[in-house]
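*Asks:* Okay, structure incoming, though there's no sequence with it:
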């Protein structure tokens, strides 16, 4: 069975007439004899839309009960059983009520198509998944119901139901879209003219791209290679030279003059990778293209002209924008340049030759050749002069053993060796000297520069020319080899930099060490200039310079910092790599500053949260006991009532209890403040644990319900005062959650280096997911009343325990409840070995 076709009516906003157009299409199909049914249509109470349902068969909707409400959805099974030729389905992005066959209506549509039924549907541009964020930015409303782009893209036909923003707003004002009570709010929010214009442009562009994709598929299916300029598409090849920005700006202006025009920048890199621009410059070109509204592409090809034309035809480009040649006229006549060959092979693609300041200039796309050192050139010159003389003397002494060909080839070998050693200039001198020696010593008549035979004259001339040509080739090959090695070293260095960047390492000293190894420097440093003009060392390796002025090489990191090298003189071609190191040093510094700022932000946020919680505590937990104390004192001082001795004792007990409560609360607040600022210092000594436990629980209400099972000889290393606070807070918390008829058990076990104290209650316990939150400040879990503290007791106990070098954790109590596990350092046992 063939898959059913899909026709989509696309709209920019509600109310443009998508449903009306769909129903109108249904009537046209019905008049032509097609079996058409309405699967689901939402008229929104619009009379004109409702009237179009007359004469069309409507499949009854399915009723689904969900959460006490009856909902109506499209009855997919009924439509499949009816099996019409065409079904009309409104609102493609709709989410079905739970209990439906599928979660989304577009899935229902896919099921209908699989059954061979043609579907006509509607959708708004804001419901496309890929545009959801864009439409939210435009309208401020995020659409919860979306449809995947591939569903709409797979449609056999997409028709835009278009309407100008002004017309749609007039339609709304007349009450043709929404009810009168919703019109004003809609016009002032979602349906603002700017919103509608942006949504309309978005829909037009999306549909234009889909049409362009269809055109591309048609061209591929029919093997059409010629350009079809249905849309103005401009390709501008760039070389990375100074004229590249000019060419991209010209392409952008040409594209802007064409409605829907677009342009693409293209850079062709060679397959050998030896010629080309630096990665940083390539990134600058891409950023410039994006800034001007274009896209940037790179292709690989040894023939730039062929690569440019192939790319232009593949992109169905209508125009090419290329710069006027920077080569001289003679060079252009001898060998046509890229521009001339592009024009010759462009065919139906229009080519714009753009003049610029560097046309016919002396600038070259090729990087300058790697220069040899002065010593090496001098050594090559000496070698190229003395060795031919010595070799000629040796050949002359043994001239009976060989002829002119051997002598010429031997001297040619010296010319090649000279080119490898000293470069082109010494090799040319060596070739001329060898030609003269060949003429003087080995060509009749001997010992004179006169040549008897004309063919010998030609031999000497050819020898000199071949020697110079071979020297040129060898010199060029040697330079290219050096360039390749340098490029490989730079690539390795940049790979290391990129890996370091991805690994988020902030090792500035390691970066400087890498720079020293790569550039062969004696030392490197990052220097920062202070307000007074002095320079301080941020990081260094080796023996770096102490100032920028004393550095052999320097690169700016930022406005106040510089990367400096000592003992390294870099050629201009490697300056970009040094800048890359400086840029990464800047990234490291910015990352450090960002990390510090984030830490400070989190600290301030925590301080602010603590301050807010403290204010809440002061406003509530301090107010209640103060109010109770005030009422009790006022009652005692009142002369209107005569209090009995029992009543006075009760009021005084109330004052004492509330004062104790205030004291505990303020103590916890002060302890938490000290913990937050890190100002707690523990005076650790040996403390008898059993005595500390009894001392801590004695003032607690209900302390008699605590069962202490700690041996008297158990000692811990702790601050006695802090340990009392820790034990008191934990035991008080355990008593709160333990039923009045149950007890809290405290026991201890001694290990080799730690003493483990367990305080177990038999209360309701705490879920494992919440146990970690127990020690956070201002946490109250369970059913503890709001007046029972501010939730600082366990947080204070946790902080004080860590200050003493211990830890505190929780675990479930067997049989129910929660056990606090307190681990503290144990004293070192005395040595049992006898002294020698």
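*Replies:* Noted; the coordinates are in hand. Just so you know, these numbers come straight off a predicted model, no measurement behind them.
*Asks:* Could I get the full set of strands for the stretch 551-700 of the chain?
*Replies:* 553-556, 561-566, 685-688 (DSSP state E, counting those that start in this stretch).
*Asks:* Output those in a markdown table; the columns should cover mean pLDDT and distance to residue 109.
*Replies:* All C-beta spots, glycine's among them, are computed from the backbone N, C-alpha and C. Output for these, formatted as a markdown table (pLDDT from 0 to 100; distance: least, Cβ to Cβ, whole Å):
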| stretch | mean pLDDT | distance to residue 109 |
| --- | --- | --- |
| strand 553-556 | 82 | 60 |
| strand 561-566 | 86 | 61 |
| strand 685-688 | 90 | 76 |
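*Asks:* looking at those, which is buried most?
*Replies:* strand 561-566 (a mean of 24; mean count of other Cβ atoms under 10 Å).
*Asks:* mind checking pLDDT for the residue nearest to residue 629 when sequence neighbours are not counted?
*Replies:* Spatial nearest neighbour of residue 629, chain neighbours left out: residue 658 (4.8 Å); criterion: Cβ to Cβ, 6 or more residues apart in numbering. Looking at residue 658, its pLDDT reads 78.
*Asks:* Looks like residue 658 contacts residue 625 (just checking).
*Replies:* Yes. With contacts counted by Cβ atoms under 8 Å, residue 658 reaches residue 625, the gap being 3.9 Å.
*Asks:* Next, the buried residues of stretch 723-742.
*Replies:* Of all the residues in stretch 723-742, those buried under the rule 16 or more other Cβ atoms under 10 Å are 723-738.
*Asks:* what are the ranges of the strands in the stretch 51-200 of the chain?
*Replies:* For the stretch 51-200 of the chain, the strands defined by DSSP E, counting those that start in this stretch cover 57-58, 62-66, 69-73, 86-89, 118-124, 157-161.
*Asks:* Could you tell me the angle between the fifth one and strand 157-161?
*Replies:* So that's strand 118-124. On the basis of axes from the mean of the first three to the mean of the last three Cα atoms, to 10 degrees, strand 118-124 is oriented at 40 degrees to strand 157-161.
*Asks:* Sheet-wise, list the partners of strand 118-124 with their directions.
*Replies:* strand 6-11 (parallel), strand 86-89 (parallel) (DSSP bridges).
*Asks:* how about those, which one is nearest residue 545?
*Replies:* strand 6-11 (66.3 Å; Cβ to Cβ).
*Asks:* ok, residues contacting that closest one?
*Replies:* 17-18, 21-22, 25, 92, 109, 113, 118-125, 152, 154-161, 203, 206-207 (Cβ atoms under 8 Å, 6 or more residues apart in numbering).
*Asks:* So among the residues you listed, which ones count as buried?
*Replies:* Among the contacts of strand 6-11, those scoring as buried are 17-18, 21-22, 25, 92, 109, 113, 118-125, 152, 155, 158-161, 203, 206-207 (criterion: 16+ other Cβ under 10 Å).
*Asks:* quick one on the thing from earlier: export the strands of the stretch 51-200 of the chain to a markdown table and append columns for mean pLDDT.
*Replies:* As requested, the strands of the stretch 51-200 of the chain are exported to a markdown table (pLDDT from 0 to 100):
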| stretch | mean pLDDT |
| --- | --- |
| strand 57-58 | 91 |
| strand 62-66 | 88 |
| strand 69-73 | 88 |
| strand 86-89 | 94 |
| strand 118-124 | 93 |
| strand 157-161 | 88 |
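*Asks:* now these as a markdown table including distance to residue 407?
*Replies:* Output for these, formatted as a markdown table (distance: least, Cβ to Cβ, whole Å):
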| stretch | distance to residue 407 |
| --- | --- |
| strand 57-58 | 106 |
| strand 62-66 | 105 |
| strand 69-73 | 102 |
| strand 86-89 | 95 |
| strand 118-124 | 89 |
| strand 157-161 | 83 |
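*Asks:* Nice, that's everything, thank you.
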